[in-house]
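Asks: prediction below, plus the sequence it came from.
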Amino acid sequence: GQNIDQPTEMTATEGAIVQINCTYQTSGFNGLFWYQQHAGEAPTFLSYNVLDGLEEKGRFSSFLSRSKGYSYLLLKELQMKDSASYLCAVRDSGGSYIPTFGRGTSLIVHP
Amino acid sequence: GAVVSQHPSWVICKSGTSVKIECRSLDFQATTMFWYRQFPKQSLMLMATSNEGSKATYEQGVEKDKFLINHASLTLSTLTVTSAHPEDSSFYICSARGGPPKEDYGYTFGSGTRLTVV
């Protein structure tokens, strides 16, 4: 199985940049997802990393270092609507290929 | 894009009764569906994996007789919470996998069901 760790809560100011970290331990790695989840709603896909490096997609970027078991999600030009929970999920290379989710980081963006 | 419809969005039921939650893939055939449970400020915990036409595979600690899963067609999976108790109150989310390759690597989530047992 996996052991996924991410901060419980973060706060940031509208217009700023915030980095949400995720560390993981897994017996075999086969990809890392980031999802955004607003309260009472289902997660929505943000990014997928399987190779080392930075993937940029608009205001959101995701970075992966497989050797360090580390990823981060970078949110730029924060908007109030970015207040949500951000879930890191790791898929192992076992037979199921099902992602295991971290507890999520609750991001609060204030004016 | 792929859409997964989940119903109901919320339900309140009395302790001891059963509740059925439906998960439908609207524009693709879902060979595999996943059921998750999420308690407040907690992670999504996988309950079971269901493949069309076969028995569901339950995660350790999940009672298969209490959480009945049926995946009778390639577009519909149901989760029935039998003899519900207040501790079963949670947010239940389904996810379907199938269809053409997509950006999100095939895991499409339903909108979730908030179950409250009183």
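Replies: All right, it came through fine. Here the structure is a predicted model, which means the values were calculated and not measured.
Asks: pLDDT below threshold where in chain A?
Replies: Low-confidence segments of chain A (pLDDT under 70): A:1-2, A:94-96.
Asks: near chain B, which residues of it are found?
Replies: Taking Cβ under 8 Å from any Cβ of the partner chain, the part of chain A that reaches chain B is made up of A:8, A:31, A:33, A:40-45, A:48, A:87, A:96, A:98-104, A:106. Glycine gets a C-beta too; all of them are placed from N, C-alpha and C.
Asks: pull out the buried members of those.
Replies: A:31, A:33, A:41-43, A:45, A:48, A:87, A:98-104, A:106 (16 or more other Cβ atoms under 10 Å in any protein chain shown).
Asks: how far is stretch B:53-66 from where the chain is centred?
Replies: What separates the centre of stretch B:53-66 from the centre of its chain is 12 Å, taken as Cα atoms, centre = their mean, to the nearest Å.
Asks: which stretches of the chain form strands?
Replies: Here I'm looking at chain A. For chain A, the strands defined by DSSP state E occupy A:2-5, A:9-13, A:18-26, A:29-37, A:44-49, A:53-57, A:60-65, A:70-75, A:84-92, A:99-101, A:105-110.
Asks: to clarify, I was referring to chain B.
Replies: Under DSSP E, chain B gives strands at B:4-7, B:10-13, B:19-25, B:30-38, B:45-51, B:57-58, B:67-73, B:76-81, B:90-98, B:108-109, B:113-117.
Asks: which one of those strands lies closest to chain A?
Replies: strand B:108-109 (3.9 Å; Cβ to the nearest Cβ).
Asks: report whether the closest one contacts chain A.
Replies: Yes. Counting by Cβ under 8 Å from any Cβ, chain A is contacted by strand B:108-109 at residue B:109.
Asks: please enumerate residues in contact with that strand?
Replies: With Cβ atoms under 8 Å, 6 or more residues apart in numbering or on different chains as the test, strand B:108-109 has contacts from A:42-44, B:2-4, B:25, B:93-97, B:102.
Asks: at 10 Å what do you get?
Replies: Here strand B:108-109 makes contact (Cβ atoms under 10 Å, 6 or more residues apart in numbering or on different chains) with A:35, A:37, A:41-45, B:1-4, B:6, B:23, B:25-28, B:30, B:33-34, B:36, B:44, B:93-99, B:102.
Asks: and the buried ones among the residues you listed, selectable in PyMOL?
Replies: With 16+ other Cβ under 10 Å as the criterion, this PyMOL line picks the buried residues out of the contacts of strand B:108-109:
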select buried, (chain A and resi 35+37+41+42+43+45) or (chain B and resi 2+4+6+23+25+28+30+33+34+36+44+93+94+95+96+97+98+99)
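Asks: the lowest-mean-pLDDT helix or strand in chain B pairs with which strands?
Replies: Within chain B, no helix or strand scores below strand B:108-109, which has a mean of 87 by mean pLDDT, DSSP states H and E. With DSSP bridges as the test, strand B:108-109 is paired with strand B:90-98 (antiparallel).
Asks: many thanks, have a good one.
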